[in-house]
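1. Mind looking at a prediction? Sequence and model below.
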Amino acid sequence: QVQLQESGPGLVKPSQTLSLTCTVSGGSITTNSCYWTWIRQSPGKGLEWIGYIAYSGSTYYSPSLKSRTSISRDTSKNQFTLQLTSATPEDTARYYCARAFLGVDFIDYWGQGTQVTVSS
């Protein structure tokens, strides 16, 4: 059973970098055909896909967030990290890490999510 757990600050000041880590247990982030994904949900809005880092280490980001987004990994810790620069109040959301398997759209495991508020 794969488990994912998000961690990071719950409050970020505007213009700072929002940084979250997802710790994975029960499976390796280098397992073939796995895409380790970040998704968020803002108040009153639907889910917004942010991007992923694949089992190979390659990354892909949402075009709308690409200029501010970086996803990296630490295979020794079985973790992957989201960094979103120049945060604004519009980045306030619940952030989820998830695993997609055999395709970037097929999410089979989710973390519980972590609330991040961008405010001074």
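-> Ah, there it is.

2. going forward, measure contacts and count neighbours with C-alpha atoms only.
-> Will do.

3. which residues touch residue 15?
-> Listed by Cα atoms under 8 Å, 6 or more residues apart in numbering, the contact partners of residue 15 are 85-88.

4. which ones among the residues you listed are found in strands?
-> Among these, DSSP state E puts none in strands.

5. just the buried members of those residues?
-> If you count burial by 16 or more other Cα atoms under 10 Å, the buried members of these come out as 85, 87-88.

6. and which of the contacts of residue 15 is nearest residue 28?
-> Ranked by distance to residue 28 (Cα to Cα), the contacts of residue 15 are led by residue 85 at 27.5 Å.

7. confidence score at the closest residue to the closest one other than its chain neighbours?
-> In space, and not counting its chain neighbours, residue 85 is closest to residue 17: 4.2 Å by Cα to Cα, 6 or more residues apart in numbering. Listed pLDDT for residue 17 reads 98.

8. pretty sure residue 17 is in contact with residue 88, am I right?
-> No - at 9.6 Å, residue 17 and residue 88 do not qualify as touching, with contact defined as Cα atoms under 8 Å.

9. Quick one: end-to-end length of stretch 9-22, please.
-> 13 Å (Cα to Cα, to the nearest Å).

10. Quick check: buried residues in it?
-> Those would be 12, 14, 17-22, for stretch 9-22 by 16+ other Cα under 10 Å.

11. and the residue positioned nearest the centre of the chain, what helix or strand is that in?
-> Among the residues of the chain, the one closest to the centroid is residue 38, at 2.6 Å (Cα atoms, centre = their mean). Taking DSSP states H and E as the definition, residue 38 sits inside strand 34-41.

12. Thank you, goodbye.
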